[in-house]
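1. With the sequence up front, the predicted model follows.
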Amino acid sequence: MSDMQHNAWRKGEYVEVAIEEINNLGSGVGHAPDGRVVFIRGALTGERVRATVIKVASSFYVARLEGVITPSPYRLPDDAPDCGTGESCGGCIYRHITYEHELELKQNYVKNAFCKVGLSDVVVDPVRSTGVYAGYRNKAQYPVGKLGGKVIAGFYATKSHTILPASGCLLQPPIFSDIVRTICDFCTEQNISVYDEQSGKGLLRHIYLRHGQVSGEIMVCLVVNGDAFPKADALVAKLTADFPAIASILLNHNTKNTNVVLGEYYTTLYGRSYIEDVLCGKRFRIAPDAFYQVNHDGAELLYSIAAERAELTGSETLLDLYCGIGTIGMSMAGRAGKLIGVEIVPTAVECAKLNAALNGLENTDFRCADAGDPDTLLSCLGDTTPDVVILDPPRKGSTNELIDALSDRGISRVVYISCDPDTLARDCVRFRENGYEIGVVTPVDMFPRTGHVETIVCLYKQ
């Protein structure tokens, strides 16, 4: 028997592990006696912990944290504020550590992403933050189910579709929990059915909320597997009486047997089909399916850094790709000669046009096209060559074809805003190959307590 086999752990075995680092999924990382890596969710760098082995693979183990023998100085005390479902929910992977250490971890995450693709020479700033790490989310989607005969709504447990009742998520405004509880109690009293993923039957699928932080306006959207909602007038009367800030109550009709939350069609039950909010001094109309940053104050910080990197002097043509409802571009429109926004979602483009008019911006032009498709994009631009491009793609990042097209057009500055450091680093390699200098990389903590981090970098054509 080899030493490795002799030292191997078995599933269910009780072990002690020295934690060497923590990854961006919230797991402490150590090594077993046989050399295999051990992942233990909730363990911190420098700790010695007790754990139970729950998975054995050829190159690693996964273990469940049972207790801390030697605690990390970064671990929060046991009496720190908590929501009660954090362990099962899995969303707040850094809920047990100091916020200062979380920012250090996120800076290292971004650094490592660039090192892995051979860009270790790139400078990565300390993470910028508003300092607020609770109650910052202005949007939430709650799946609906039943428990003990009562309608519940909450969040899916990690790697499952088991619903954990929403019991005061610390990332969201407290009023969200109150609204959700009121809707669930109403549905229980009125015996309104809830959607069953297996059978495809049942009415109420999700409760979807949005909040304008400055305006105070709240949108309530009920996602239903059908055409109508029983006793809708009574529910509207109850919600608007209990929560005067509600400006919009909608039904979203999703009758497809799918994991996609929202369907294509909406019915307005009360108020407007949108809410409004103020961001970077501009007023924005927000449709239910339009992209709007979930952290208002974090977005203002992010956009201010993006504006610094854009270095606009008042005469440039600014191209905002993946522009959504136009928030980033319009926050800079006053410093540009002309703003062109490109977005593939037609309702978002209409919202962007309305938002420009709402703010009296006459130097804007929003177009519906696929920003990631160079042929469509170049056809959309015609003979116009922008001076500066704002690139804010989805998590999968940009495409080589788009990067090549921007380079071929001779775009002098590309301000890249990314929600995934790994795809950003990958794309920066392509930009460098196309003759761009990579500026200072600045992470911004838009999603405190989670493993996500937003990042900004300006790429300069040489």
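-> Sure thing, it's come through.
2. in the stretch 1-150 of the chain, which spans are strands?
-> 14-18, 21-22, 27-31, 37-41, 48-56, 60-70, 139-147, 150-156 (DSSP state E, counting those that start in this stretch).
3. wait, which of those strands is closest to residue 275?
-> Across the strands of the stretch 1-150 of the chain, residue 275 has its closest neighbour in strand 139-147 (10.9 Å, Cβ to Cβ). Where you see a C-beta, it was placed from the backbone N, CA and C, and this is true even at glycine.
4. report the angle between the axes of the closest one and strand 150-156?
-> Angle, strand 139-147 to strand 150-156, by axes from the mean of the first three to the mean of the last three Cα atoms, to 10 degrees: 130 degrees.
5. so how far is strand 139-147 from its chain's centroid?
-> 18 Å (Cα atoms, centre = their mean, to the nearest Å).
6. can you check stretch 42-61 too?
-> The answer for stretch 42-61 is 28 Å, by Cα atoms, centre = their mean.
7. mind checking the end-to-end distance for it?
-> End-to-end distance of stretch 42-61 (Cα to Cα, to the nearest Å): 15 Å.
8. Turn the strands of the stretch 1-150 of the chain into a markdown table, including mean pLDDT, mean neighbour count and distance to residue 401.
-> Output for these, formatted as a markdown table (pLDDT from 0 to 100; neighbours: other Cβ atoms under 10 Å; distance: least, Cβ to Cβ, whole Å):
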| stretch | mean pLDDT | mean neighbour count | distance to residue 401 |
| --- | --- | --- | --- |
| strand 14-18 | 96 | 16 | 46 |
| strand 21-22 | 91 | 20 | 37 |
| strand 27-31 | 95 | 21 | 36 |
| strand 37-41 | 95 | 21 | 37 |
| strand 48-56 | 96 | 18 | 40 |
| strand 60-70 | 95 | 16 | 36 |
| strand 139-147 | 93 | 20 | 32 |
| strand 150-156 | 89 | 21 | 36 |
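9. Take those and write them to JSON lines, including distance to residue 96.
-> Below are these laid out as JSON lines (distance: least, Cβ to Cβ, whole Å):
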{"stretch": "strand 14-18", "distance to residue 96": "17"}
{"stretch": "strand 21-22", "distance to residue 96": "10"}
{"stretch": "strand 27-31", "distance to residue 96": "11"}
{"stretch": "strand 37-41", "distance to residue 96": "10"}
{"stretch": "strand 48-56", "distance to residue 96": "12"}
{"stretch": "strand 60-70", "distance to residue 96": "10"}
{"stretch": "strand 139-147", "distance to residue 96": "22"}
{"stretch": "strand 150-156", "distance to residue 96": "18"}
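10. Out of the ones you listed, the one nearest residue 352 is which?
-> strand 139-147 (18.4 Å).
11. I'd like to know which elements the closest one is packed against.
-> strand 150-156, strand 163-165, helix 174-189, strand 204-211 (3 or more Cβ pairs under 8 Å, 6 or more residues apart in numbering; DSSP states H and E).
12. Just name the most buried of these.
-> Across the helices and strands packed on strand 139-147, the average number of neighbours (mean count of other Cβ atoms under 10 Å) peaks for strand 204-211, which reaches a mean of 22.
13. List the pairing partners of whatever helix or strand comes next after it within its sheet, with orientation.
-> Scanning forward in sequence from strand 204-211 by DSSP states H and E, the next helix or strand is strand 218-224. Applying DSSP bridges, strand 218-224 is found paired with strand 204-211 (antiparallel), strand 246-253 (parallel).
14. could you give me the average pLDDT of the first one?
-> Per-residue pLDDT values over strand 204-211 give a mean of 97.
15. let's have the chain start at 538 instead
-> Yes, from this point I'll number from 538; that puts the last item at strand 741-748.
16. ok and that strand relative to helix 711-726, angle-wise?
-> 150 degrees.
17. contacts for strand 741-748?
-> With contact meaning Cβ atoms under 8 Å, 6 or more residues apart in numbering, strand 741-748 is reached by 675-681, 688, 690, 710, 712-713, 716-717, 720, 724, 729-732, 754-762, 766, 789, 791, 798-799, 812, 823, 825, 829.
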